[in-house]
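Enquirer: predicted model, plus sequence, below.
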Amino acid sequence: MPQYWLRAFAEDGHVLGRWRGGAEHRTPVRRAAVARHFNTDPLAEGERRVALETYLDRYVDGPCAPVLRALREGQWPLDGVQYAVALDALAWQVVRTQAFRSFDEQVGRHLFPLLWAQEAVGYCEERLGRPLPEAERLEVFWTAVRTAPDPSLIADPRSALRAMIRAFERTRDLLAAPDRRLVLLRSAEPLLVLADSGVALRRKDGTFTLTPPLLPETIEVFAPLSPTCLLISTPRAHYRPHQGLTRKIAAKANAGAAAWCQDAVYRPPSMPWPTHLRLTSTPLEVRPPRLSAAPAQQPHGRVPTHPEIRHGELRAILEQLSHTPTDQHPVPAADGGRPA
C-alpha cells in the first residue's frame, strides 16, 4: 500500500488498524500495510533486483500522489493528463496488492492440474508419434489431473510479478473504456475506512468476491482517498456527485474494504469504527471450479495472448522477469509448465 495514500487516513503520522481477529493497533504509517520484498526480483542482484520497485516509485507513485491529493482537496473535474494519471493509480492499486496476488495464486492452484494434464496428453502423443484415441486421451488426462504434483514444487518465483504487470495493462484498458467514468464523492464528516488493499471491486449484484473473471465489464472500483473522499470507477450512471458521499454509499465502500482486506483495515485514530461493519475471519477465497473435459484434436477459437506492454521501461522489466539470469538454473513456470 503506498504510504502517500495511507497518510490521508493518518493523524500525527499514525493510523489505527483493525485486524481480522478483532485486535486494534495504532501503527506508524511507515509500518502499516507493508510486505517486505513484495515487488523485488528474487533471481536478480543489485539495481535489477529492485527494478520494478524503482519503476513504481518513479512512474506511478511520483505522478499519482499529487493528482490524488488534488482530488482530496476537491479539484474536479480533472484535465486529460490528470485523468489518465488517476486511472493509472487505480489500475496499479488493483494489481499491486496481497489481495490480487492471492487471487492469482488461488486461480493458479485450481488450474494447474488441468494444465499439467494437458501437457501429459501432449507428451504421450509426442512419445508415441501419433494422436491418442479419444477414450485414451481422456483416460490420460484425468489420470494426470488426479496425480498432478503440488504447484509449489515447480513454481516460478517471478510469475506473480509478471502476472501483475500484465494485469495492469488489462485493468488500465478496462478503466479507460468509453462507457466508464470516474465519480468523485465527498462528505463533510469522516465516513470511510481503508483496506490494506487500497481498493475494492464491487460486482453488479452488489457483492465483493474473487470469482473469476476478476474484472468483468460491469465491475465497479471503490477507492477511498481519505475518510471524506471516495473515488469510483463505474459504468453506471446512478451516482449523483452533487449529493455528495452519503452514508449509504460509504457503507458500501466500507463493506468492500472489509471484504478485500488481506489482514487489516485502517482509519484515523480519532474516527470511530463504522457501525455494523464486521471483518470475516479469513480473506476472500476463489471457489474451486467444477471440471469437465471433452476430446479435441485441435484447439478451437483464437489462442489467448498477453496484452501489449506500452511503457518501454516496464516492457524491459517484464523481459528481465521472463528470462533466467545466466548464473541461475531454469525454473519451471507454474503459468504454463515450461520456463517463461
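Expert: Perfect, I can see it now. Numbering: from 1, shown residues only.
Enquirer: for the rest of this, base every contact and every neighbour count on C-alpha atoms.
Expert: OK.
Enquirer: the nearest residue to residue 157 once chain neighbours are set aside: neighbour count?
Expert: Leaving aside its sequence neighbours, residue 157 sits nearest to residue 42 (C-alpha to C-alpha, 6 or more residues apart in numbering; 6.9 Å). Residue 42 has 14 neighbouring residues, counting by other C-alpha atoms under 10 Å.
Enquirer: got the contact list for residue 42?
Expert: Residue 42 sits next to 49, 157, 158 when contact means C-alpha atoms under 8 Å, 6 or more residues apart in numbering.
Enquirer: which parts of the stretch 201-340 of the chain are helices?
Expert: Along the stretch 201-340 of the chain, counting by DSSP state H, counting those that start in this stretch, helices occupy 247-260, 312-321.
Enquirer: how far does stretch 191-201 stretch from one end to the other?
Expert: End-to-end distance for stretch 191-201, by C-alpha to C-alpha, to the nearest Å: 19 Å.
Enquirer: residue ranges with poor pLDDT in the protein?
Expert: Within the chain, the segments meeting pLDDT under 70 span 295-301, 303, 326-340.
Enquirer: what comes up buried for the longest helix seen in it?
Expert: Counting residues, the longest helix found in the chain (DSSP state H) is helix 98-128. Neighbour-count burial for helix 98-128, counted by 16 or more other C-alpha atoms under 10 Å, picks out 98-122.
Enquirer: and for stretch 175-190?
Expert: In terms of neighbour count (16+ other C-alpha under 10 Å), stretch 175-190 has its buried residues at 175, 176, 180, 182, 183, 184, 185, 186, 187, 190.
Enquirer: and if you look at stretch 27-40?
Expert: 27, 28, 29, 32, 33, 39, 40.
Enquirer: same check, this time on stretch 269-286
Expert: Buried, per 16+ other C-alpha under 10 Å, within stretch 269-286: 269, 273, 279, 283, 284, 286.
Enquirer: and for stretch 139-152?
Expert: Neighbour counts using 16+ other C-alpha under 10 Å place 140, 141, 142, 144, 145, 148, 151 of stretch 139-152 among the buried residues.
Enquirer: tell me the spacing between the fifth one and residue 122.
Expert: Remark: distance between residue 145 and residue 122 (C-alpha to C-alpha) = 14 Å.
Enquirer: repeat for the last one
Expert: In this structure, residue 151 and residue 122 are separated by 19 Å, where distance is defined by C-alpha to C-alpha.
Enquirer: repeat for residue 165
Expert: 30 Å.
Enquirer: residue 159 now?
Expert: 23 Å.
Enquirer: quickly list what residue 26 is bridged to.
Expert: Note on residue 26: beta-bridge partners by DSSP bridges are residue 16.
Enquirer: I'd say it and residue 14 touch.
Expert: Yes - between residue 26 and residue 14 there is a contact at 6.3 Å, judged by C-alpha atoms under 8 Å.
Enquirer: which neighbours do the two share?
Expert: Both residue 26 and residue 14 are contacted by residue 269, under the criterion C-alpha under 8 Å, 6+ apart.
Enquirer: who's more crowded, the two?
Expert: Set residue 26 next to residue 14 and count neighbours by other C-alpha under 10 Å: residue 14 wins out with 22 against 16.
Enquirer: find the nearest non-adjacent residue to the more buried one, please.
Expert: Sequence neighbours aside, residue 28 is the residue nearest to residue 14 in space, at 4.3 Å (criterion: C-alpha to C-alpha, 6+ apart).
Enquirer: list the contacts for that neighbour?
Expert: Going by C-alpha under 8 Å, 6+ apart, residue 28 touches 13, 14, 15.
Enquirer: just curious, which of the buried residues of stretch 139-152 is nearest to residue 3?
Expert: Ranked by distance to residue 3 (C-alpha to C-alpha), the buried residues of stretch 139-152 are led by residue 151 at 33.4 Å.
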